[in-house]
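Engineer: Predicted model and sequence below, questions to follow.
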Amino acid sequence: MYKKIILILLLNFIPSIANAEEGFPINYPAEIKSKDFAVNVFYANSFTLDNKIGANEFKGEVKANFLNQNFGIVSEISFQQLLGTNPAIISGIVPQGDVAYTQDGSALIGYQFSLLDNLNVTPFVKARGIVTRGRGGDNIYGPEIGGNIQYQIYPETTNLNIRYGLTIPAIHHYTGMPDTVASSSFLLSNFETRLSYRFLTNFDVLVAYNLRTFPKNLGNSNLANNEQLIWNSVLIGVGYVF
């Protein structure tokens, strides 16, 4: 009789332990939850493939994710400014200008899905614009199509992202001579690998390598040939997530 009473009490008590939220004697460490929004800022040291020419860049980005169990929509707006130069100046086509710069901005939307518990894939499309100024200057605009692979080394704290996109400059706005080649004949690569670590609940540390290609004549107000400049960047940054 007593054994039956004890067994009934135990069976009734076990669910109450599982459902208890307050007053339970064992406290587990809080888990860092995934965040839906992020604001990241970067400093970049950029250079040519032969490392003979370098420059400083600054980048900012805002991310908004709408995910459920690692599936859902991801979006991003980013802006990167190269100070004091542009591809035509770096390539030696145009002399250094007093107010030269290159601005690279984009808006991204994609859909993330999970292949494994810690591996996510995101195909995306971007609207991208590259604006140059100096002794001459021109702008190109077009879509970028690509994908991102995210490996969660330690879920919710340490992530490795590898992203590649291909930009087709559909529109070329310029003030110089007519183009010798069409802007849409270019296929511009945009590759990035990024490591992020969440050291506090709302703060990330980020390290990245970015390789982009630009038309060498971009900044000369005229696309005279199909040659491209390979431009490398090493970025360090911090992010606030919420």
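Structural biologist: Yep, that arrived.

Engineer: Buried residues, the helix or strand harbouring Ala44. List them.
Structural biologist: Using DSSP states H and E, Ala44 maps to strand 37-48. Buried residues in strand 37-48, defined by neighbour count with 16 or more other CB atoms under 10 Å: Ala38, Asn40, Phe42, Ala44, Ser46, Phe47. All C-beta spots, glycine's among them, are computed from the backbone N, C-alpha and C.

Engineer: Next secondary structure after it?
Structural biologist: Next along from strand 37-48, by DSSP H and E: strand 54-68.

Engineer: Mind giving me the packing neighbours of that next one?
Structural biologist: strand 37-48, strand 71-83, strand 228-241 (3 or more CB pairs under 8 Å, 6 or more residues apart in numbering; DSSP states H and E).

Engineer: Does Ile109 touch Pro143 like I think?
Structural biologist: No. Here Ile109 lies out of contact with Pro143, judged by CB atoms under 8 Å, at a distance of 11.4 Å.

Engineer: what do the two both touch?
Structural biologist: Common neighbours of Ile109 and Pro143 (criterion: CB atoms under 8 Å, 6 or more residues apart in numbering): Val125.

Engineer: returning to that earlier point: save the helices and strands packed on strand 54-68 as a markdown table, and put in mean pLDDT and distance to Asn65 too.
Structural biologist: A markdown table is the format used below for the helices and strands packed on strand 54-68 (pLDDT from 0 to 100; distance: least, CB to CB, whole Å):
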| stretch | mean pLDDT | distance to Asn65 |
| --- | --- | --- |
| strand 37-48 | 98 | 8 |
| strand 71-83 | 97 | 5 |
| strand 228-241 | 98 | 10 |
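
Engineer: Leu200 is nearest to which of those strands?
Structural biologist: With CB to CB as the measure, strand 228-241 is the member of the helices and strands packed on strand 54-68 nearest Leu200 (9.6 Å).

Engineer: Can you list the strands that the closest one pairs with?
Structural biologist: strand 37-48 (antiparallel), strand 203-215 (antiparallel) (DSSP bridges).

Engineer: With distance to Ala170 added, can I get those strands in JSON lines?
Structural biologist: Output for these, formatted as JSON lines (distance: least, CB to CB, whole Å):
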{"stretch": "strand 37-48", "distance to Ala170": "26"}
{"stretch": "strand 203-215", "distance to Ala170": "14"}
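
Engineer: of all the ones you listed, which lies closest to Asp104?
Structural biologist: strand 203-215 (7.5 Å).

Engineer: tell me the angle the closest one makes with strand 71-83.
Structural biologist: Angle of strand 203-215 versus strand 71-83, following axes from the mean of the first three to the mean of the last three CA atoms, to 10 degrees, is 70 degrees.
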